[in-house]
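K.L.:
sequence unknown, structure follows:
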């Protein structure tokens, strides 16, 4: 992902949030996933919430399509919304079968607090904020997954039970899509005012924090305290 | 499109607005288009505004994706949003070349009052109203075009200069998409309250009126009076 | 309203749209209203649609409150939304009684095409666009009414049957509110990017055109052609 | 608040969430606040976040005004949005002075995770969901505060350092506003479909959970873990 220059929003955003990315990369969840020793209950919690998340992520992507100023970007983000749902279904078809998560069980499993928080943030931002800021909020999920996917792929244990997950996010198809989102975000940030750019950074950082919380919640098997 | 039953929203909507459909079908614009004698300036005005319209229609479809309750419908409408933009580009590539409408000319041609009115209505509805009512507003554009397309196709003069336009809307691919939107609309209307169903009908009728105004504005080469 | 400087958005917007304002000021509707000779049916059409309009205007003002970056502006526009409804009720209480427009008749009178167009534009803009652009769309209704109100007041015939309407918009209370909206708009425009500022101007001009169409539609006793 | 009947949404919602209300009423935060022994740092954290919350709450109320079907409710919720900001300012003027929270300190204090979660949920719901469901999400904050306020007031220690806070929420003015919101919610729920009513209940329960998390986060002096 070294296609950006020093003045680019995306490069600034990555650098400012590099410690958070390092923290995410080294979370027990990801280290144990790479080593192939992550407890099945934790992965099951994670993958169930990820399926819930992807539906909300798809909605937020559809909203970014609705707000995109140029037809090319409308098509790009509408396509991305569709892909998010297709990926969600693919999860259903493979890991859900493996873990015995039927459609009924999935529908009856509420969003965890961390998942609900992240999805609420994305939807609130996607409706309330201008296009530029919406992209700031959507980018971390794409970019961090691409980097974490490649990182885990590079150090994954052989015969890893989570190989299909790793391959999805380390694969070239996903990385091409991520680069297109980075480009769209930089294109939007370039002519933006300092105020909008500041809000883009704030949204990027908030989404990064919520990525951490999401993984952490999977490891903690998080449920609602009340 | 005879897949619906008497109690279905779509059937009721079609019947209630049958006179308006008949009026649209017999507008000078469509009669002259079928006969292949429609003035080029009128078609040029229409096709330019239609390209503007499809961008707004694509945004509204993306919003219906964002609001759809089930992932299958999110994917369906996100796909439809993408297709609207793809069709808009196809218009650019064929008729725009034929009529000498460059990207610059297109960008500098403002939306006509009727086009602006229709797009504003779709966007206002798509943001402000629940999913069911959004579908009520989106359906007429799909359905009326499918019916008008088939009607004109059945009576079109040979060597019609507008054959590519006619074939697009009379084609099976478009009709499959339209049937899927009718199904989604009936699925949404079925469990809805009387209040929501009433608003769906109101939105359907309003969009039908705006369809008429749109064709009429092309024939009148409409511009802003001030 | 000479509180602005040359670089201000509001001053630029007024100057760019000065011919449209002059056209509005001199429309038959306003000239005959000032002379006290406007046909009652025309005023009745206008005042009925104005009541419909104010409800939509109130909604759009509430949305600008929701998007305002500072709490002071949230309170200002929430208050303005409430006032729009209060004014709408005051119309009901006076002119509606005079013209025999019962609540039932009002509820059954559909929005005219021009009113529906204007309200749809305001709502679409208020949901889809950032705060700055929303204010650009809302400002003309405030400002043009303030100026038209004062202009008509200065030349109104004695014993004018529409004196209550004239006094509302020529009154100091309304003008204080209008100045506060101009200030909020300039405050928003000042740090905005060229792109946002351009969209503010486009929204301002569009709303000005729709003001003209609204008055014109009252004079024409406009109804839906289909 | 015994104005409702067994079939009313509000009564059902209260009964279904009665254990959560009991849990909230008996949280250490509220017991210690009633006893006048709550640690100042905890109240300071709470009151700062509450000021952030009220701004978001005001935005969500403005959105409910925008979506309200009847002008009376537009005015009611626009007024409520304005009042939320006025109350937020009143907090600034009294407790903020007492705790040394300057406008600069407030602006630089980020929303806590719990506050950010709650506000994101309210905004996402207010934009994405129909009016009925928005009211379901907004009601717990009103109603729980009214009940907690009265409960604490009835058992508050004399010379309580938090008496001004207690008096605000135990006061008749606030309770009149709360009853009006309950009425509006029941009015909306009454003709709603089972699906919408179900989503109203889900939103009500979620907001109740977030109320608990909000108070808990104040007691825990919650900050972002990363």
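P.N.:
Looks like it came in fine. A quick note: this is a predicted structure, and the numbers were derived from the prediction, not measured.
K.L.:
could you check the distance from residue A:67 over to chain B?
P.N.:
For residue A:67, the distance to chain B equals 8 Å [C-beta to the nearest C-beta, to the nearest Å]. Every C-beta, even on glycine, is put in place using the N, C-alpha and C of the backbone.
K.L.:
Not counting the worst-scoring helix or strand of chain A on mean pLDDT itself, show me its contacts.
P.N.:
Ranking every helix and strand in chain A by mean pLDDT, DSSP states H and E puts helix A:163-170 at the bottom, with a mean of 89. For helix A:163-170, contacts defined as C-beta atoms under 8 Å, 6 or more residues apart in numbering or on different chains pick out A:33, A:47, A:87, A:90, A:94-95, A:145-146, A:148-150, A:152-153, A:156, A:160, A:174.
K.L.:
Return the residues in contact with the residue positioned nearest the centre of chain A.
P.N.:
Centroid-nearest residue in chain A: residue A:141, 2.4 Å away (criterion: C-alpha atoms, centre = their mean). Neighbour list for residue A:141: A:57, A:207, A:211 [criterion: C-beta under 8 Å, 6+ apart].
K.L.:
Just the closest of the residues you listed to residue C:188, please.
P.N.:
Residue C:188 lies nearest to residue A:207 out of the contacts of residue A:141, by C-beta to C-beta, at 25.8 Å.
K.L.:
re earlier: buried ones in the least confident helix or strand of chain A, by neighbour count?
P.N.:
Residues of helix A:163-170 classed as buried by neighbour count (16 or more other C-beta atoms under 10 Å in any protein chain shown): A:165, A:166, A:168, A:169, A:170.
K.L.:
of all those residues, which two lie farthest apart?
P.N.:
With C-beta to C-beta as the measure, no two of those lie farther apart than A:165 and A:170, at 9.5 Å.
K.L.:
what mean pLDDT does the longest helix along chain A have?
P.N.:
Secondary structure of chain A per DSSP state H: the longest helix is helix A:40-67. Here helix A:40-67 scores 97 as its mean pLDDT.
K.L.:
Residue A:87 - how many residues pack around it?
P.N.:
The number of residues packed around residue A:87, counting by other C-beta atoms under 10 Å in any protein chain shown, is 18.
K.L.:
swap in residue A:12?
P.N.:
Around residue A:12 there are 17 other residues, counting by other C-beta under 10 Å.
K.L.:
coming back round to it: after the longest helix of chain A, next one along is what?
P.N.:
Of the helices and strands lying after helix A:40-67 in sequence (DSSP states H and E), the nearest is helix A:71-91.
K.L.:
Heading C-terminal from that next one, find the next helix or strand.
P.N.:
That would be, after helix A:71-91 and using DSSP H and E, helix A:97-99.
K.L.:
Please name every helix or strand in contact with that next one.
P.N.:
Contacts defined by 3 or more C-beta pairs under 8 Å, 6 or more residues apart in numbering or on different chains; DSSP states H and E place helix A:97-99 against helix A:40-67.
K.L.:
Show residues contacting the strand or helix carrying residue A:21.
P.N.:
Using DSSP H and E, residue A:21 sits within helix A:18-25. For helix A:18-25, contacts defined as C-beta under 8 Å, 6+ apart pick out A:14, A:30, A:144, A:147-148, A:151, A:205, A:208-209, A:211-212, A:215, D:226.
K.L.:
same check, this time on stretch A:104-123
P.N.:
So stretch A:104-123 is contacted by A:45, A:48-49, A:51-53, A:56-57, A:59-60, A:63, A:92, A:96, A:101, A:137-138, A:206-207, A:210-211, A:213-214, A:216-217, A:222-224, D:113, D:116-117, D:120-121, D:123-124, D:127-128, D:206, D:213 (C-beta under 8 Å, 6+ apart).
K.L.:
Give me the distance between the two termini of it.
P.N.:
Stretch A:104-123 has its terminal residues 25 Å apart, counting by C-alpha to C-alpha, to the nearest Å.
K.L.:
in that stretch, what counts as buried?
P.N.:
Buried residues in stretch A:104-123, counted by 16+ other C-beta under 10 Å: A:111-123.
K.L.:
check whether the helix or strand in which residue A:209 is found contacts chain D.
P.N.:
Using DSSP H and E, residue A:209 sits in helix A:194-219. Yes - Helix A:194-219 lies within reach of chain D by C-beta under 8 Å from any C-beta of the partner chain, at A:206, A:209, A:212, A:213, A:216.
K.L.:
out of these, which one sits closest to residue D:198?
P.N.:
Set against residue D:198, the nearest of these by C-beta to C-beta is residue A:213 (28.1 Å).
K.L.:
Tell me how far the closest one lies from chain B.
P.N.:
Applying C-beta to the nearest C-beta, the value for residue A:213 to chain B is 24 Å.
K.L.:
Next, count neighbours for that residue.
P.N.:
Residues lying near residue A:213 (other C-beta under 10 Å) number 23.
K.L.:
Likewise for residue A:145?
P.N.:
For residue A:145, the count of nearby residues is 17 (other C-beta under 10 Å).
K.L.:
That one sits in which helix or strand?
P.N.:
Residue A:145 is part of helix A:131-155, with elements assigned from DSSP H and E.
K.L.:
and residue A:223, backbone torsions?
P.N.:
With angles defined as degrees, to the nearest 10, residue A:223 sits at phi -130, psi 170.
K.L.:
circling back: just the buried ones from the contacts of helix A:163-170?
P.N.:
A:33, A:47, A:87, A:95, A:145-146, A:148-150, A:152-153, A:156, A:160, A:174.
K.L.:
thinking again about what came up before, let me know the closest of the contacts of helix A:163-170 to residue C:70.
P.N.:
Nearest to residue C:70 among those, with distances taken as C-beta to C-beta, is residue A:145, at 35.6 Å.
K.L.:
List the single closest residue to the closest one in space, sequence neighbours excluded.
P.N.:
Spatially, and ignoring its direct neighbours in sequence, residue A:145 is nearest to residue A:169 (4.8 Å; C-beta to C-beta, 6 or more residues apart in numbering or on different chains).
K.L.:
Roughly how far does that neighbour sit from residue A:50?
P.N.:
Residue A:169 is 11 Å from residue A:50, where distance means C-beta to C-beta, to the nearest Å.
K.L.:
Quick one: low-confidence residue ranges for chain A.
P.N.:
A:1-7 (pLDDT under 70).
K.L.:
which bits of it sit near chain D?
P.N.:
Within chain A, the positions adjacent to chain D are A:20, A:23, A:59, A:113, A:116-117, A:119-121, A:123-124, A:127-128, A:206, A:209, A:212-213, A:216, A:224-226 by C-beta under 8 Å from any C-beta.
K.L.:
try 6 Å this time
P.N.:
Counting by C-beta under 6 Å from any C-beta of the partner chain, chain A comes close to chain D at A:20, A:23, A:117, A:120-121, A:123-124, A:127-128, A:209, A:212, A:224, A:226.
K.L.:
Get me the contact residues on chain A for chain C.
P.N.:
Residues of chain A lying near chain C by C-beta under 6 Å from any C-beta: A:130, A:191, A:192, A:193, A:195.
K.L.:
Separate out the buried members of those.
P.N.:
Among the residues of chain A next to chain C, those classed as buried by 16+ other C-beta under 10 Å are A:130, A:192, A:193.
K.L.:
residues near the residue lying closest to residue A:201 once chain neighbours are set aside, how many?
P.N.:
Residue nearest to residue A:201 in three dimensions, not counting chain neighbours: residue A:13, with 6.2 Å by C-beta to C-beta, 6+ apart. Residues lying near residue A:13 (other C-beta under 10 Å) number 25.
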